[in-house]
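Visitor: got a predicted structure plus its sequence, pasted below:
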Amino acid sequence: MSFLGRFNNLSLRVKFVITISLLIVASGALVSTYLISKHMDTAEKGLIKKGSALIKVLAVNCEYGAFIENEIILDELISATAKTEDITYIVVQNIEGKILADEAKPGIEIPRDLPLVTKEDSLAIRTIAEADGDGYFYELCYPVVTTRTLVSRETLGAIGKSRGPVVTEVIGNVRLGISVSATIAETITNIRGAVIIILLVISATLLLTVGFVNLVVKPIERLVDATGKIAKGDLSLEIGMGRRDEIGMLANAFDSMVQSLKSSRKEIEEYNRTLEEKIIDRTRELEDAQAQLIQSEKMAAVGQLSAGVAHELNNPLGGILGYAQYTLEKMSRKPFAEVTELDFEAYRKHLRDIEAQSRRCKTIVQNLLKFSRSSAKIDFCDVDVNATLLETISLIEHQMVMQKIVLTPDLQPNIPKISGNSGLLQQVFTNVIINALHAMNEGGHLLITTRHSPGLGEFSGAVEISFTDDGCGIPAEIQKNIFEPFFTTKAIGKGTGLGLSVSYGIIKEHGGEIKVESIEGCGTTFMIILPLEKPASEADTENKAGERTMGELSR
Amino acid sequence: MGQDVCILVVDDEAIIRDFVAEVLEEYRVVHAVNGQDAIDKIPGLLPQLIITDIKMPVKGGEEVIRFAKQLDPRIPIIVITGYTSLDTANECVRLGADGFLSKPFTIAQLRDEVCKCLEGNHV
């Protein structure tokens, strides 16, 4: 991993401290280096300046002593000066290099055999390495000059310039050793002080930085922690730092965000609750509406059956009324004492007829009631399709007779029972048969067949019911629409347009299929396939979505 | 009158035929179980009165009326039907029916209609 990558992985706190420390150390080092070099430079220049002044004075003062090469005079002159700080030695030499006087600080070895300055007023500055160490010192060398007038015989006794030319002559050198070690020592002391100060500043800065970082990072860490908790759904916490700076503002903003989240969540929960209630209410309303729809469609079918049923009822009623009146009339005509065994037998026969016809009425009314009974709750049980078909036929038979429709039932005996609701299936069969009757206004044939198709693999087998009429047929272009709600080709008042759509829903609810094949002008076959057992997937779907039952029925 | 008068009762309901026959026991009552049966019997029988239902399998009452009236327009015909609407009655009259009884009818109504028709007091 690169340095930058590693650095990025460090915590904010460490990054901040490292950056600030590096900045302080770098700037401290830069400033110190600059100041120290500047200090050294200035100090050395000062030393040389001081030494220059001193050596020039010494050179002038030594003129006489050097001229006469008097050691005592020279020693006296230099001994006082040699005591000056920074001066390590003073040497006075004649122009041949002979040392006339010297004075050195204890332990200082005066360098020998150095070249002399022979030119007047010329200051030589030399840097000489110390013999016993890494240090160095400066040596200043300045000529000692003397002036004399060249008196000739002609000018002897003259005064001033006229006596003769004045010549300046170098008669020796003064050499001055200047130590810089004191300056270096002083500089080192200064550097130490500066380093201590820098270290102190760095420590103080680090402490302050850590404190500052903590001041910033700790609240951020708390915010991060709080964010994690909120992400897990805990909205109960409150940061509340009570600070007025930006971090405090952030914390307050965070707290108000949590409050908003809390109230939003509460609102959402409230919405969810009301939504669920609404869904339950709507589902119930929908179920009621769909139950009403099925019932209305059933009632519409009852309405269409009513003429046939009335006629069918009127026949036995005619018998009942007629025989009752007839018997009463006979009985009133003949006194009780004269009633013969034959008469009695006739009465008995008439009463039996009345009883039979009354039972017939009862059956008709019962069938009609059974058919029209509301079945809001759809229970599935074992259904004998043939029996249900025969019940349906009995309701419509008379209507068929009246319409001169010849019914041919071809019901396969002993077909297995299916799982279903006989009331709903009867409604479907009635609807399909009534449609067939409408298609055969001028009479015709209706063939109703039932067949058992055995199971294969997971398929439990099915019962196929077909209704084939030789009526007017359904035009090809509308065959795809006939199962749609409110689609009708019948005149207003003749049909609701819901019969086949409700039938489709009922058959789907049984896990079955309803199909139509029709040729216009030749006839129509409605084929209903009902599985013996409702497929498992259908049942699962129903359990998962309770509305499916009524949803399908509303098709 | 009496047994000389032949009345043809056409109805797919045996109880209605039986009852009419019992009430009109003084006449010779012949049964026909549907329109086709009646049409088959009418030419050989030449009944003085036909009492017929309208809605019947195979052939209905309309065909019976049409056939009888074609054969002899004087044959009186009484229609007995479970349909009690005005439309049905009008339709019967249009076809040439002479009397109309809606089921269930009383003995008196039946006798009254039969007497009217046999006496030539057509509706």
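Guide: Received the coordinates, thanks.
Visitor: send the alpha carbons of stretch B:82-93 over as CSV?
Guide: In CSV, the C-alpha atoms belonging to stretch B:82-93 read as follows (Å, rounded to 0.1, in the frame of the first residue of the first chain):
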residue,chain,number,x,y,z
GLY,B,82,-99.9,-21.6,-18.3
TYR,B,83,-99.0,-18.2,-19.8
THR,B,84,-101.5,-15.7,-18.5
SER,B,85,-100.3,-12.7,-20.3
LEU,B,86,-102.5,-10.6,-22.6
ASP,B,87,-100.0,-11.1,-25.4
THR,B,88,-100.5,-14.9,-25.3
ALA,B,89,-104.3,-14.4,-25.3
ASN,B,90,-104.1,-12.1,-28.3
GLU,B,91,-101.8,-14.4,-30.1
CYS,B,92,-104.3,-17.2,-29.6
VAL,B,93,-107.2,-15.2,-30.9
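Visitor: which residues sit against it?
Guide: A:307, A:310-315, A:318, B:53-55, B:61, B:65, B:79, B:81, B:100, B:102-103, B:123 (C-beta atoms under 8 Å, 6 or more residues apart in numbering or on different chains). Bear in mind the C-beta positions are built from the backbone N, C-alpha and C, glycine included.
Visitor: I'd say A:Met402 and A:His311 touch.
Guide: Yes - using C-beta atoms under 8 Å, A:Met402 is in contact with A:His311, at 6.5 Å.
Visitor: okay, and the common contacts of those two?
Guide: Common contacts of A:Met402 and A:His311, defined by C-beta under 8 Å, 6+ apart, comprise B:Lys55.
Visitor: which residues does stretch B:23-36 contact?
Guide: Contacts to stretch B:23-36, defined as C-beta under 8 Å, 6+ apart, come from residues A:322, A:326, B:1-12, B:14, B:17, B:20-21, B:38, B:40-41, B:45, B:47, B:52, B:56-64, B:107, B:110-111, B:114.
Visitor: how many other residues sit next to A:Ile68?
Guide: The tally of other residues near A:Ile68 (other C-beta atoms under 10 Å in any protein chain shown) stands at 11.
Visitor: how about the helices in the stretch 101-250 of chain A?
Guide: If DSSP state H, counting those that start in this stretch is used as the criterion, the helices of the stretch 101-250 of chain A fall at A:181-231, A:246-333.
Visitor: among these, which is the most enclosed?
Guide: For those, average neighbour numbers computed from mean count of other C-beta atoms under 10 Å in any protein chain shown are highest in helix A:246-333, which has a mean of 16.
Visitor: report all helices and strands that it contacts.
Guide: Applying 3 or more C-beta pairs under 8 Å, 6 or more residues apart in numbering or on different chains; DSSP states H and E, one finds that helix A:246-333 contacts helix A:181-231, helix A:341-372, helix A:385-402, helix A:422-439, helix A:499-509, helix A:548-553, helix B:14-23, helix B:107-118.
Visitor: any idea which of these scores lowest on pLDDT?
Guide: The minimum mean pLDDT among these belongs to helix A:548-553 (a mean of 40).
Visitor: interface residues of chain B facing chain A?
Guide: Residues of chain B found near chain A (C-beta under 8 Å from any C-beta of the partner chain) are B:12-13, B:15-16, B:18-20, B:22-23, B:55-60, B:80-84, B:102-107, B:110.
Visitor: least confident secondary structure element in chain B?
Guide: helix B:86-95 (a mean of 78; mean pLDDT, DSSP states H and E).
Visitor: doesn't A:Cys472 lie inside a strand?
Guide: No - in this structure, A:Cys472 is coil, not part of a strand, as judged by DSSP: H, G, I helix; E, B strand; the rest coil.
Visitor: residues contacting the closest residue to it other than its chain neighbours?
Guide: Leaving out its chain neighbours, the residue that sits closest to A:Cys472 by C-beta to C-beta, 6 or more residues apart in numbering or on different chains is A:Ala439, at 5.1 Å. A:Ala439 sits next to A:Asp469, A:Gly471, A:Cys472, A:Gly473, A:Gly523, A:Thr524 when contact means C-beta under 8 Å, 6+ apart.
Visitor: how close does A:Ala439 sit to A:Thr524?
Guide: Remark: distance between A:Ala439 and A:Thr524 (C-beta to C-beta, to the nearest Å) = 6 Å.
Visitor: now do the shared contacts for these two.
Guide: Residues touching both A:Ala439 and A:Thr524 (C-beta under 8 Å, 6+ apart): A:Asp469, A:Gly471, A:Gly473.
Visitor: now rank these by neighbours and give me the top one.
Guide: Comparing the shared contacts of A:Ala439 and A:Thr524 by number of neighbours (other C-beta under 10 Å), A:Asp469 comes first, having 26 neighbours.
Visitor: show me the contacts for that one.
Guide: Contacts of A:Asp469 by C-beta under 8 Å, 6+ apart are A:Ala436, A:Ala439, A:Met440, A:Gly444, A:His445, A:Leu446, A:Leu447, A:Gly523, A:Thr524, A:Thr525.
Visitor: following the least confident helix or strand of chain B, which helix or strand comes up?
Guide: Remark: after helix B:86-95, the chain's next helix or strand is strand B:99-102, criterion DSSP states H and E.
Visitor: care to break chain A down by domain?
Guide: A:3-189, A:281-553 (automatic domain parsing).
Visitor: just name the most buried of the ones you listed.
Guide: domain A:281-553 (a mean of 17).
Visitor: reformat the helices and strands packed on helix A:246-333 as JSON lines; add distance to A:Met249.
Guide: Formatted as JSON lines, these follow (distance: least, C-beta to C-beta, whole Å):
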{"stretch": "helix A:181-231", "distance to A:Met249": "11"}
{"stretch": "helix A:341-372", "distance to A:Met249": "75"}
{"stretch": "helix A:385-402", "distance to A:Met249": "78"}
{"stretch": "helix A:422-439", "distance to A:Met249": "69"}
{"stretch": "helix A:499-509", "distance to A:Met249": "63"}
{"stretch": "helix A:548-553", "distance to A:Met249": "54"}
{"stretch": "helix B:14-23", "distance to A:Met249": "101"}
{"stretch": "helix B:107-118", "distance to A:Met249": "104"}
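Visitor: picking that back up, among the residues of chain B next to chain A, which ones are buried?
Guide: Buried members of these, counted by 16 or more other C-beta atoms under 10 Å in any protein chain shown: B:12-13, B:15-16, B:18-20, B:22-23, B:55-60, B:80-83, B:102-107, B:110.
Visitor: find the helix or strand that the residue nearest the centre of chain B is a member of.
Guide: Centroid-nearest residue in chain B, with C-alpha atoms, centre = their mean: B:Ile51, separated by 1.1 Å. Using DSSP H and E, B:Ile51 sits in strand B:49-52.
Visitor: sheet-wise, list the partners of that strand with their directions.
Guide: Strand B:49-52 has these partner strands in its sheet, going by DSSP bridges: strand B:6-10 (parallel), strand B:77-81 (parallel).
Visitor: for it, C-alpha coordinates in CSV please.
Guide: The C-alpha trace of strand B:49-52 is given here as CSV (Å, rounded to 0.1, in the frame of the first residue of the first chain):
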residue,chain,number,x,y,z
LEU,B,49,-114.2,-29.2,-30.0
ILE,B,50,-110.5,-29.1,-29.5
ILE,B,51,-109.0,-28.1,-26.2
THR,B,52,-105.3,-27.5,-26.6
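Visitor: now the element after it, going C-ward?
Guide: Sequence order places helix B:61-71 as the next helix or strand after strand B:49-52, per DSSP H and E.
Visitor: what about that following helix, average pLDDT?
Guide: On average, helix B:61-71 scores 91.
Visitor: contacts for that helix?
Guide: Identification of contacts with helix B:61-71 by C-beta under 8 Å, 6+ apart yields B:10, B:35, B:38-39, B:42-43, B:50, B:52-55, B:75, B:77, B:79, B:81, B:92, B:95-97.
Visitor: pick out the residue nearest the middle of chain A.
Guide: The centroid of chain A falls nearest to A:Ala231 when counting by C-alpha atoms, centre = their mean (10.4 Å).
Visitor: now the buried members of the contacts of helix B:61-71.
Guide: Buried by 16+ other C-beta under 10 Å: B:10, B:35, B:38-39, B:42, B:50, B:52-55, B:75, B:77, B:79, B:81, B:92, B:95-97, out of these.
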